[in-house]
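K.L.:
Model the following, please.
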Amino acid sequence: MIYRLLLRPNKYAPIEAEINWGVRTVTLPVKSLPQTFIEWQIKYRRANIQYFLTGEGDHDFAVHVGYMGTVNPEGSDPLNIAAKGVGFLPRRDIGELTKEIESLIEEALGKGEKETRERRLSFLLKFYEEVELDPHSFTTIEIYAKTTWHNVMHDPRCSVLFSSYRNTSFLINGVAEVLGPGTPEYRFVTALHDLFHLPRSGPRRQYHAVYRIWVTGAYNKTPGPRAGEKIG
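P.N.:
Residues are numbered from 1 along each chain as shown. Have a look, this model is predicted:
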């Protein structure tokens, strides 16, 4: 990594993110996710799980997919956009939640994917109904370590577009914190991913890293008279 990322005063109550390249420093405000975005996310994440449980009801999988834009002016293709599966981090008790997820994974590997599907979905529904989520960030896994990875290593600033066929779109700007194996966030995020992408054989896969994207700005991108307006 060719830069240093510092969150002030700390990651539990951040107000600014400092990116330092050694010869240059950029400081950005860290903000909360817009309430309208959070409500949209929670509503349809719960609805999606209910749909998986019952096969009925309203659903919209756009809440899970973010189109992440990164830049590297020194690369042959300076701009890259990649579709990413996006999730959230708990504000507290990340260790205990991770242990519960890992226990469910072990149960599924022992008893079978179909036999444990309802229990695993019920855990996820409970997570989005009862757990306090971190309001300043969201997360995704770096699986392939190709263009997005190389760009983030050059510059952690990024934009993530969420766009639904239901005429709802948000653009969230942020700074990607790179978190590798051994960090609580890495263990939580990769476990939550593997809970519904169980390994077909052998041990669980080791991923390159996870990104914790700290929010620096948000925009309304829904088509209409307010498209492009800054939120918050």
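
K.L.:
going forward, measure contacts between C-alpha atoms and count neighbours the same way
P.N.:
Fine.

K.L.:
Helices of this protein, start to end?
P.N.:
All helices of the chain, identified by DSSP state H, fall at 35-54, 94-111, 113-130, 147-154, 184-196.

K.L.:
Dump the ones you listed to CSV, plus mean pLDDT.
P.N.:
Putting the helices of the chain into CSV (pLDDT from 0 to 100) gives the following:
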stretch, mean pLDDT
helix 35-54, 96
helix 94-111, 97
helix 113-130, 96
helix 147-154, 95
helix 184-196, 97
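
K.L.:
for the ones you listed, which one sits closest to A176?
P.N.:
When those are compared by CA to CA, helix 147-154 sits nearest A176, at 7.2 Å.

K.L.:
Report how many residues lie close to Q35.
P.N.:
For Q35, the neighbour count with other CA atoms under 10 Å is 12.

K.L.:
gap between it and D134?
P.N.:
Counting by CA to CA, to the nearest Å, the gap from Q35 to D134 is 12 Å.

K.L.:
picking up where we left off before, of the helices of the chain, which approaches D77 most closely?
P.N.:
Nearest to D77, of all the helices of the chain, is helix 147-154, at 8.9 Å by CA to CA.

K.L.:
Alpha carbons only: can I get the closest one in CSV?
P.N.:
The C-alpha coordinates for helix 147-154 follow below in CSV (Å, rounded to 0.1, in the frame of the first residue of the first chain):
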residue,chain,number,x,y,z
THR,A,147,-8.2,-3.6,-11.4
THR,A,148,-10.2,-2.4,-8.4
TRP,A,149,-7.5,-3.7,-6.0
HIS,A,150,-4.7,-2.0,-7.9
ASN,A,151,-6.6,1.2,-8.1
VAL,A,152,-7.4,1.2,-4.4
MET,A,153,-3.8,0.6,-3.6
HIS,A,154,-3.0,3.8,-5.6
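
K.L.:
gap between that helix and the chain center?
P.N.:
How far helix 147-154 lies from its chain's middle: 17 Å, per CA atoms, centre = their mean, to the nearest Å.

K.L.:
I'd like to know which elements that helix is packed against.
P.N.:
Using 3 or more CA pairs under 8 Å, 6 or more residues apart in numbering; DSSP states H and E, the elements in contact with helix 147-154 are strand 65-71, strand 79-87.

K.L.:
how far does the first one sit from the chain's center?
P.N.:
Distance of strand 65-71 from the chain centroid (CA atoms, centre = their mean) equals 11 Å.

K.L.:
Tell me who's in contact with V63.
P.N.:
Each residue near V63 by CA atoms under 8 Å, 6 or more residues apart in numbering is listed here: 40-41, 44-45, 86, 162, 164.

K.L.:
Please tell me how far it sits from T140.
P.N.:
13 Å.

K.L.:
same check, this time on E106
P.N.:
23 Å.

K.L.:
neighbour count winner among the two?
P.N.:
Higher neighbour count among E106 and T140: T140, with 24 against 13, using other CA under 10 Å.

K.L.:
The more buried one contacts Y211, doesn't it?
P.N.:
Yes. Taking CA atoms under 8 Å as the definition, T140 is a contact partner of Y211 at 5.4 Å.

K.L.:
sorry, back to before: neighbour-wise, which of the contacts of V63 leads?
P.N.:
R45 (23 neighbours).
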